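S.K.: A structural model of the following input is requested.
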Amino acid sequence: MAGKKVVIGLSGGVDSSVAAYLLKQKGYEVIGVTMQTWTPEDEEDTDPAAGGSPEVTKDAREVAQALGIPYYVVDFQKEFSQHVMDYFSREYLAGRTPNPCVVCNRFVKWEALLAKARQLGAEYIATGHYAKIARLENGRYTLRACDSSAKDQTYALYNLTQEQLAHTQMPVGDYTKDEIRRIAAQIGLKVADKPDSQEICFIPDHDYAKFIRKRNGVEIPEGNFVTADGTVLGKHRGIIHYTIGQRKGLNLSMGHPVFVTEIRPKTNEVVIGESEDVFAPALRCEKLNFMGVERFEEGMEFTAKIRYNHKGAPCVIEKVLSVDEAVCRFSEPQRAVTPGQAVVFYRDGCVAAGGTITGRI
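M.R.: Numbers count the residues shown, from 1 in each chain. This is a model prediction of the structure:
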């Protein structure tokens, strides 16, 4: 590997920092880049984990100096605004629950970073994600779940292309989080005990409604809670405040727990049902990205995850509706199949494909 250049996205955290060290140990010529993704409008909105924030750049620069590698801060705010922040608002206003990390990984952390790497004459990019890149017998690149199942990040990376995977290194996928922190401490990195970033980086106060109102210049109207047949149960605060399977924060006096089962943006209604109504035997998905397999064929069997912390469930591809749309049916009904979220299909511990959930069946 000696002499090969790799550009690593340095987030100021322990994972990317140790990833840079591991690559250097393997003989790569490592270049550190911090992606400035957004700038808060108000000083109090500053999140120390935000891309390009003063704390991030300070920590990342110190890591680069400690490792003796070149370091740059690159402005990716235009790409982040277009592909992530606009998408986030648009999905919530359409009654869906977005997954901004999936979109950010594909179009910012990989697409924009790979373009920057090529400008710098590098063949590879690298990140501190907990996943492994593998090449299967069919010649396709895929992601294999990392050794630390609690930290495995393959779900959020399903949308990467074959070209992106072919030019990516993920060195921390061979380690547990504890091992990564130990390595950081052993080589004297100050970020060894730095906490992991949480939640959505560009909404540090977690007030999604305020963010969407400010970004779109719109007020989110109240509407009706209804049963599946349209019976009005009460008033809701606006559809962006709810997601499928939600029980808390409904403020409905029903005498027993009830759940959000559907969001109807056209009529501005939030449908309420019983616990059993939250389960669905099948789902429809679109915008498919194929990783370990070239295409779907009816009858294919996989294990599918419908959210990041879902343990996965056996399923079969029941219908192939088009090259990028399909129906999958589970062996048992699954809870809270949520439009807008990702469904990721695994086979033998590797990502086969993934897509965006459009509805339950």
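
S.K.: look up the pLDDT of Tyr292 for me, please.
M.R.: That one is not Tyr; residue 292 is Gly. On the pLDDT scale, Gly292 is placed at 98.

S.K.: that's a helix at Thr57, yeah?
M.R.: Yes. Looking at Thr57 with DSSP: H, G, I helix; E, B strand; the rest coil, it is inside a helix.

S.K.: my read: it touches Asp75, true?
M.R.: No. Assessed by CB atoms under 8 Å, Thr57 is found out of contact with Asp75, at 11.9 Å. From N, CA and C alone the C-beta is placed, and that goes for glycine too.

S.K.: which of those two has more residues huddled nearby?
M.R.: Thr57 (17 against 13; other CB atoms under 10 Å).

S.K.: could you measure that one against Asn105, distance?
M.R.: Using CB to CB, to the nearest Å, we find Thr57 at a distance of 21 Å from Asn105.

S.K.: which neighbours do Thr57 and Asp75 share?
M.R.: Common contacts of Thr57 and Asp75 (CB atoms under 8 Å, 6 or more residues apart in numbering): Gln36.

S.K.: who is the residue nearest to Tyr28 when sequence neighbours are not counted paired with across the strands?
M.R.: The shortest distance from Tyr28 to any non-neighbouring residue, by CB to CB, 6 or more residues apart in numbering, is to Val6 (4.7 Å). Beta-bridge pairing of Val6 under DSSP bridges involves Val30, Tyr124.

S.K.: can you start the count at 14 instead of 1 from here on
M.R.: Renumbered: residue one is now 14, and that last one reads Val19.

S.K.: I figured Val19 hits Val46, correct?
M.R.: No. Assessed by CB under 8 Å, Val19 is found out of contact with Val46, at 10.5 Å.

S.K.: between those two, which one's more packed in?
M.R.: Neighbour count, other CB under 10 Å: between Val19 and Val46, Val19 has more, with 26 against 23.

S.K.: and the strands in the stretch 264-374 of the chain?
M.R.: 272-277, 282-286, 292-303, 314-318, 326-335, 338-348, 355-360, 363-373 (DSSP state E, counting those that start in this stretch).

S.K.: just name the most buried of the ones you listed.
M.R.: strand 355-360 (a mean of 25; mean count of other CB atoms under 10 Å).
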